[in-house]
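K.L.:
Coordinates for the following, if possible.
(one chain, ligands or ions: 1)
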Amino acid sequence: MRPYVTPAIVVHGGAGNLLPDDPASSGGPDAPRLEGVRRACAAGWRVLSDGGTALDAVDAAVRVLEDDPTFNAGTGATLNADGEVELDASIMDGASLRCGAVAVVKDVRNPVVLARAVMERSRHVLLAGAGASAFAREVGIGAVDNATLVTPAQRARWEKALAGAATAVRHGTVGAAARDGQGHLAAATSTGGTSLKRAGRIGDTPLVGCGTYADDTLAAVSCTGHGESIIRLTLARHAADLVGRGLAPMDAAREAVRALGTRVAGEGGLILVGPSGEVGFAHNTPVMSRAWTLPDGTVEAAM
Ligand SMILES: NC(=O)C[C@H](N)C(=O)O
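P.N.:
The predicted model follows:
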């Protein structure tokens, strides 16, 4: 039996710009984005402190963020060029290296739950589109109308963007990485992708090794930012490898994000947890909302 170690969790609510119409622009500790990542981190911590697994903790934390309309995932996700929500998500267990992912899902409220079902209840790693929806129904995940995932704020942004009035590029994905009391790692990521993306576009989030990676011997990582750049660098695996090569988690996060900028001119950020439970995060965008726990369970948050 492995000795009990102090659990740790870190979550993010996306890297990007702070827009004037962003509720977080009002600043202060209660701004919705900070409040959201704090709540998600606390939800994950509750699972860990009750003796739950890292996998359950990242699942719980990401679900909170998917249900929070402030974030670009689940309800409140950004709209594609056709004005619809198309969701991507993935989850990975660092102990077994099992993983599951879904892409281009239009009718599921919590894509991270479906990604986990792909991991645990199918023979596959990644299901997309109509096939993912059919699988959701098979495992008892109910259908929601696409319109219920669209918030008035995102509809208004979409209309502005179509009219060419929106200038700022905005990313925003959600994710979590955790270590549990047994020392196992897990990570999960969920997104609506990039705004005005072509229908059918798939970003880094559901691609294991790109948007998400977890290996008990390396690190658990969740990425956010320009998906096409992140894919080219297989950023999550790259960051995990840096920890594996001996970099401290914070240094590994910084080095991986530096490479994102210098090698592929990509914008984004990432969070990670190393095997020791030390967390790391970095971004090269103006902001990245994030929250993490201290060993006593206190939640810290920053933009
Ligand atoms: N919001 C994001 O972080 C975007 C996501 N990485 C994607 O490209 O799909």
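K.L.:
Just the buried residues of the helix or strand of the chain with the lowest mean pLDDT, please?
P.N.:
The weakest-scoring helix or strand in the chain, judged by mean pLDDT, DSSP states H and E, is helix 152-162 (a mean of 92). Within helix 152-162, the residues that count as buried by 16 or more other CB atoms under 10 Å are 154, 157, 158, 161. In short, each C-beta sits where N, CA and C put it, glycine included.
K.L.:
what's near enough to touch the nearest residue in space to the third one that is not next to it in sequence?
P.N.:
Pointing back at residue 158 there. Among residues not flanking residue 158 along the chain, residue 79 sits closest, at 4.2 Å (CB to CB, 6 or more residues apart in numbering). Residue 79 is in contact with 85, 150, 154, 155, 157, 158, 192, 195, 196, counting by CB atoms under 8 Å, 6 or more residues apart in numbering.
K.L.:
and the first one, what pLDDT?
P.N.:
Note for residue 85: predicted pLDDT of 98.
K.L.:
Surely it and residue 145 touch.
P.N.:
No. Counting by CB atoms under 8 Å, no contact exists between residue 85 and residue 145, whose distance comes to 10.4 Å.
K.L.:
Of these two, give the one with the bigger neighbour count.
P.N.:
Applying other CB atoms under 10 Å to residue 85 and residue 145 shows that residue 85 carries more neighbours, namely 25 against 9.
K.L.:
So residue 66: helix, strand or coil?
P.N.:
Classification of residue 66 using DSSP: H, G, I helix; E, B strand; the rest coil returns helix.
K.L.:
What's the separation between it and residue 105?
P.N.:
Residue 66 is 12 Å from residue 105, where distance means CB to CB, to the nearest Å.
K.L.:
ok, now residue 34?
P.N.:
With CB to CB as the criterion, residue 34 and residue 105 are 28 Å apart.
K.L.:
where do the helices sit along this protein?
P.N.:
Under the criterion DSSP state H, the chain carries helices at the ranges 32-49, 54-67, 111-121, 129-138, 146-149, 152-162, 227-233, 235-244, 249-264.
K.L.:
Which positions within the shortest one qualify as buried?
P.N.:
Neighbour-count burial for helix 146-149, counted by 16+ other CB under 10 Å, picks out residue 149.
K.L.:
Now do it: distance to the chain's middle.
P.N.:
20 Å (CA atoms, centre = their mean, to the nearest Å).
K.L.:
ditto for stretch 283-294
P.N.:
12 Å.
K.L.:
Kindly check the end-to-end length of that stretch for me.
P.N.:
End-to-end span of stretch 283-294 (CA to CA, to the nearest Å): 21 Å.
K.L.:
Establish whether it and the ligand are in contact.
P.N.:
No. Contact of stretch 283-294 with the ligand (CB under 6 Å from any ligand atom) is absent, the minimum separation being 9.5 Å.
K.L.:
Averaged pLDDT, that stretch. What do you get?
P.N.:
96.
K.L.:
Then stretch 129-138?
P.N.:
98.
K.L.:
Buried residues, that stretch. List them.
P.N.:
132, 133, 135, 136.
K.L.:
Just give me the closest of those to residue 46.
P.N.:
residue 136 (26.4 Å; CB to CB).
K.L.:
how far does stretch 148-168 sit from the chain's center?
P.N.:
Centre to centre, stretch against its chain (CA atoms, centre = their mean), the figure for stretch 148-168 is 22 Å.
K.L.:
May I have that stretch as CSV, with CA atoms only?
P.N.:
Listed next in CSV are the C-alpha coordinates belonging to stretch 148-168 (Å, rounded to 0.1, in the frame of the first residue of the first chain):
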residue,chain,number,x,y,z
THR,A,148,-29.8,25.7,-23.7
LEU,A,149,-25.9,25.8,-23.8
VAL,A,150,-26.0,29.3,-25.5
THR,A,151,-26.0,32.2,-23.0
PRO,A,152,-27.3,35.7,-24.0
ALA,A,153,-23.8,37.1,-23.4
GLN,A,154,-22.2,34.6,-25.9
ARG,A,155,-25.0,35.2,-28.5
ALA,A,156,-24.3,39.0,-28.2
ARG,A,157,-20.6,38.5,-28.6
TRP,A,158,-21.2,36.3,-31.6
GLU,A,159,-23.3,38.9,-33.3
LYS,A,160,-20.7,41.6,-32.6
ALA,A,161,-17.9,39.4,-33.9
LEU,A,162,-19.9,38.6,-37.1
ALA,A,163,-20.4,42.3,-37.6
GLY,A,164,-16.6,42.8,-37.2
ALA,A,165,-17.1,44.8,-34.1
ALA,A,166,-15.2,42.4,-31.7
THR,A,167,-11.5,43.1,-31.8
ALA,A,168,-10.0,41.2,-28.9
